[in-house]
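K.L.:
here are the coordinates; sequence isn't available:
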């Protein structure tokens, strides 16, 4: 097989590279973005499909290996990252649909429960996981479920004080346990 290497020697020569497989497979060197089936990618990697489901696949084979997704964020810079601080939202997954424009209907995100690396060792990474949805008749995300770094679960609260805490906005709270 043959390899084609393209390299810009200055910002003045940066532009778009279109791949022969599709007129809409683009590398935008000016903004450092790659798009598949997208004329002008808005994100670092944007993949769209018209008329079919669109999945991003990560596969691994062999015992003890797995496909995965890593979402990473740090304070500081790429060359010199610094510790994640208490309250930092450092990773999220957005679930979007379309009404009059693309909009977010749900979100799962990670929040640092305390500063990382400060509880006596450098591997201390306390993290809360939060789930947010948009109620019917609204366009604003609201946190609906939290799993804390201390194994507490909050429904309707982001700061549960017991193993399972349920809060509502004035409506009666009923919890049902059923056996099958």
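P.N.:
Good, I have the coordinates. These numbers were taken from a predicted model, which means no experiment stands behind them. Numbers count the residues shown, from 1 in each chain.
K.L.:
give me the low-pLDDT residue ranges for the protein?
P.N.:
Residues of the chain that meet the criterion pLDDT under 70 lie in 1-15, 17-23, 119-122, 171-172.
K.L.:
Apply 90 and report the result again.
P.N.:
1-32, 34-41, 47-60, 66-70, 72, 78-79, 99, 102, 117-124, 168-180 (pLDDT under 90).
K.L.:
Just give me the neighbour total for the nearest residue to residue 49 once chain neighbours are set aside.
P.N.:
Among residues not flanking residue 49 along the chain, residue 37 sits closest, at 6.1 Å (CB to CB, 6 or more residues apart in numbering). From N, CA and C alone the C-beta is placed, and that goes for glycine too. Around residue 37 there are 16 other residues, counting by other CB atoms under 10 Å.
K.L.:
Check residue 94 too.
P.N.:
For residue 94, the neighbour count with other CB under 10 Å is 14.
K.L.:
wait, isn't it in contact with residue 107?
P.N.:
Yes - between residue 94 and residue 107 there is a contact under CB atoms under 8 Å: 5.4 Å.
K.L.:
returning to what we had before: ok now do the residue nearest to residue 49, which residues does it touch?
P.N.:
Applying CB atoms under 8 Å, 6 or more residues apart in numbering to residue 37 gives the contacts 22, 24-25, 47-50.
K.L.:
State the helix or strand in which the residue nearest to residue 139 when sequence neighbours are not counted lies.
P.N.:
Spatial nearest neighbour of residue 139, chain neighbours left out: residue 103 (6.7 Å); criterion: CB to CB, 6+ apart. Assignment of secondary structure by DSSP states H and E places residue 103 within strand 102-112.
K.L.:
And residue 158, how far from residue 112?
P.N.:
From residue 158 over to residue 112 the distance is 13 Å, taken as CB to CB, to the nearest Å.
K.L.:
which of these two has more neighbours?
P.N.:
Between residue 158 and residue 112, counted using other CB under 10 Å, residue 112 has the larger neighbour count: 20 against 15.
K.L.:
Bridged to that one, which residues?
P.N.:
residue 127 (DSSP bridges).
K.L.:
Cool, thanks, signing off.
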